[in-house]
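**Q** What follows is a predicted protein model with its sequence.
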Amino acid sequence: MLVREAKLLNGAKEQYLALDEAIRTAQFIRNKAVRFWLDNQGTGKARLYQLSKELPQEYPFVGKLNSTARQASAERAWSSISNFYRRCTDGAKKKGYPKFKKHCSSVEYKQSGWKLSDDCLTIKFTDKFNAGTFSLFCNSETREDLLRLKINRVRVVRRADGYYAQFCLDANRQESGVYTGKVIGIDLGLKYFYKDSQDNAVEYPQYLRKSEGRLKKLQRRLSRKFVKGKKPQSKNYHQARKRLGRCHLKVQRQRKDWAIKQARCVVASNDVVVYEDLKIQNMVKNHHLAKSISDAGWAQFTQWLDYFGKLWGKAVVAVNPRYTSQDCSNCGHRVKKTLSTRTHNCPRCQTEICRDTNAAINILKRGLEILGVEWNSTQGHWETAEKSGTLGETSTSAVEGKPDSVSRIAEPRIATARISRYTA
Ligand SMILES: [Zn+2]
């Protein structure tokens, strides 16, 4: 599935209000479905579909929403319920009991309830909310895809700066990667965004820090306009609220854009990428580090590493970060150090390098162990380990630069790397 997005423009105020109403109705149906599941034991997906058909009899306004969109809302409820069941059977610590939603911001249509014009320049919503026609603002790539591919679903999303239509297209992104024969280990840090095993550092452009002053100012203005207990709040309050929302949206987009570009760079110029699998949520609990960590957007970065790895058939491996910053990358001697110690000094082999580089080399080693390949740092190329199993042959030929064989080792491993990350 491929998702493309276009902004909905040139609508009258009433048209956008109609979209709001549709979104609210979708939320209502979802919540009703969860309520039904709570009250009736053994409710399944089919029963919720049935419920989405019955609801309009009781609440006439629900009937205004397209029938497939009603179904999609019931599906949403079911996905939260089935995820809860799955976590229960998995024995997860946090079960994530289905909750009622209060601030939904999207509604999903399937095959009907909307119509694209032949040139894909406008979209018309045809259900009884009568939202009418909007212009679609998007790049040419998206427009070509809309003309070419089959559209499975259309989702209307409300954001701080307007309304968007997301098109779920019936295609898979397929690209062939360029193979370079290089491997890389990545240590995510606070001082740098990451440092790799070749001692290259990438610094984080602190967008959030820069915009922070502005965010704080807007937040202050908003709180000044808030009157406790007043309902509704004043017009000025809502104006300020929207302004703050737009500012947050901008920072969010800048961060995402940067994370994607970095991840793309890393995966494009390496065949094997190894990173440490950090438990970011746990780390954010440390309040001294919380802001820098969530600011740095590591989670997003590693997600995109995985994505590009899959897209280009390269091996992207997450490894357990335990002791990577303490063990000596040269002889394996464990050197205890605190967060503030910036260099790694090994008493046994007298190695003296930056602590982050040391960690990056350890991470790379650990990743290659998982893949069954041995890294030989003095000769600068990688050799197959004799002890490695079935992967031995294919990875040797990978060094000789046959892209086909690289993808052969890469593909089956990507899926398993996440599972077997702690086996090494
Ligand atoms: Zn050492």
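**A** Structure's in. What do you need? The structure displayed is predicted, hence computed values, not measured ones.
**Q** Give the rounded mean pLDDT of the host helix or strand of residue 311.
**A** Using DSSP states H and E, residue 311 sits in helix 298-312. What helix 298-312 shows for mean pLDDT is 89.
**Q** try stretch 262-276
**A** 91.
**Q** Start and end of it, how far apart?
**A** Its start and end residues considered, stretch 262-276 measures 16 Å (CA to CA, to the nearest Å).
**Q** From the chain's centroid, how far away is it?
**A** 17 Å (CA atoms, centre = their mean, to the nearest Å).
**Q** what comes up buried for that stretch?
**A** Neighbour counts over stretch 262-276 (16 or more other CB atoms under 10 Å) mark 262-264, 266-267, 270-276 as buried. For the C-beta atoms, the positions are set from N, CA and C on the backbone; glycine is no exception.
**Q** taking those residues one by one, which sit in strands?
**A** Among the buried residues of stretch 262-276, the members falling in strands (DSSP state E) are 272-276.
**Q** Just put the buried residues of stretch 262-276 in JSON lines and tack on distance to the ion.
**A** Listed next are the buried residues of stretch 262-276 as JSON lines, based on distance: CB to the ion, whole Å:
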{"residue": "262", "distance to the ion": "31"}
{"residue": "263", "distance to the ion": "32"}
{"residue": "264", "distance to the ion": "35"}
{"residue": "266", "distance to the ion": "27"}
{"residue": "267", "distance to the ion": "31"}
{"residue": "270", "distance to the ion": "26"}
{"residue": "271", "distance to the ion": "28"}
{"residue": "272", "distance to the ion": "24"}
{"residue": "273", "distance to the ion": "25"}
{"residue": "274", "distance to the ion": "21"}
{"residue": "275", "distance to the ion": "23"}
{"residue": "276", "distance to the ion": "20"}
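**Q** tell me the two of those residues that are most distant?
**A** 264 and 276 (19.8 Å; CB to CB).
**Q** Pull out the buried residues from the helix holding residue 311.
**A** In helix 298-312, counting by 16+ other CB under 10 Å, buried: 298, 300-302, 304-312.
**Q** Closest to residue 31 out of those residues?
**A** Relative to residue 31, the closest of these is residue 300; by CB to CB it sits at 29.8 Å.
**Q** Next, the buried residues of stretch 62-74.
**A** Using 16+ other CB under 10 Å as the test for burial, stretch 62-74 gives 62, 64-66, 68-74.
**Q** brain fart, stretch 211-220
**A** For stretch 211-220, a neighbour-count test (16+ other CB under 10 Å) marks 211, 218 as buried.
**Q** Name the residues that touch it?
**A** Outside stretch 211-220, the residues that touch it by CB atoms under 8 Å, 6 or more residues apart in numbering are 240, 243-244, 247-248, 250-251.
**Q** Drop anything exposed from those residues.
**A** The buried subset of the contacts of stretch 211-220 - by 16+ other CB under 10 Å - is 240, 244, 247, 250-251.
**Q** Could you name the helices and strands sitting against the helix holding residue 311?
**A** Contacts defined by 3 or more CB pairs under 8 Å, 6 or more residues apart in numbering; DSSP states H and E place helix 298-312 against strand 183-188, helix 235-268, strand 272-276, strand 315-319, helix 403-417.
**Q** re the thing from before, I'd like the buried residues of stretch 62-74 as a markdown table, with secondary structure and pLDDT appended.
**A** Below are the buried residues of stretch 62-74 laid out as a markdown table (DSSP: H, G, I helix; E, B strand; the rest coil; pLDDT from 0 to 100):
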| residue | secondary structure | pLDDT |
| --- | --- | --- |
| 62 | helix | 93 |
| 64 | helix | 93 |
| 65 | coil | 93 |
| 66 | coil | 92 |
| 68 | helix | 93 |
| 69 | helix | 94 |
| 70 | helix | 94 |
| 71 | helix | 94 |
| 72 | helix | 95 |
| 73 | helix | 95 |
| 74 | helix | 95 |
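**Q** Widest-spaced pair of these?
**A** Using CB to CB, the pair of the buried residues of stretch 62-74 lying farthest apart is 64 and 74, separated by 16.3 Å.
**Q** So which bits of the protein are right by the ion?
**A** 328, 330-331, 333, 346, 348-349, 351 (CB under 5 Å from the ion).
**Q** Neighbour count and secondary structure for the residues you listed - can I get that in CSV?
**A** Below are these laid out as CSV (neighbours: other CB atoms under 10 Å; DSSP: H, G, I helix; E, B strand; the rest coil):
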residue, neighbour count, secondary structure
328, 20, coil
330, 16, coil
331, 11, coil
333, 13, coil
346, 19, coil
348, 12, coil
349, 11, coil
351, 16, coil
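**Q** Would you confirm that residue 102 belongs to a strand?
**A** No - secondary structure of residue 102 (DSSP: H, G, I helix; E, B strand; the rest coil): coil, not part of a strand.
**Q** Based on its surroundings, how many neighbours for it?
**A** Counted with other CB atoms under 10 Å, the neighbours of residue 102 add up to 7.
**Q** gap between it and residue 192?
**A** 40 Å (CB to CB, to the nearest Å).
**Q** domain ranges for the chain?
**A** 2-169, 183-205+260-421 (automatic domain parsing).
**Q** If you average pLDDT over each of those, which is lowest?
**A** In terms of mean pLDDT, the lowest-scoring of the domains of the chain is domain 183-205+260-421 (a mean of 71).
**Q** Could you tell me how many residues sit around the closest residue to the ion within the stretch 101-250 of the chain?
**A** Ranked by CB to the ion, the top residue of the stretch 101-250 of the chain for proximity to the ion is residue 197, at 15.9 Å. Neighbourhood size, residue 197 [other CB under 10 Å]: 23.
**Q** OK, contacts around it?
**A** Counted by CB under 8 Å, 6+ apart, residue 197 has contacts 183-186, 357, 360-361, 363-364.
**Q** Just flag the most distant two among those residues.
**A** Pairwise distances across those (CB to CB) peak at 14.8 Å, for the pair 183 and 357.
**Q** about what we covered before: out of the contacts of stretch 211-220, which one has the lowest pLDDT?
**A** Per-residue pLDDT puts residue 251 lowest of those, at 83.
**Q** Excluding sequence neighbours, find me the nearest residue to it.
**A** Nearest residue to residue 251, sequence neighbours excluded (CB to CB, 6 or more residues apart in numbering): residue 211, at 5.0 Å.
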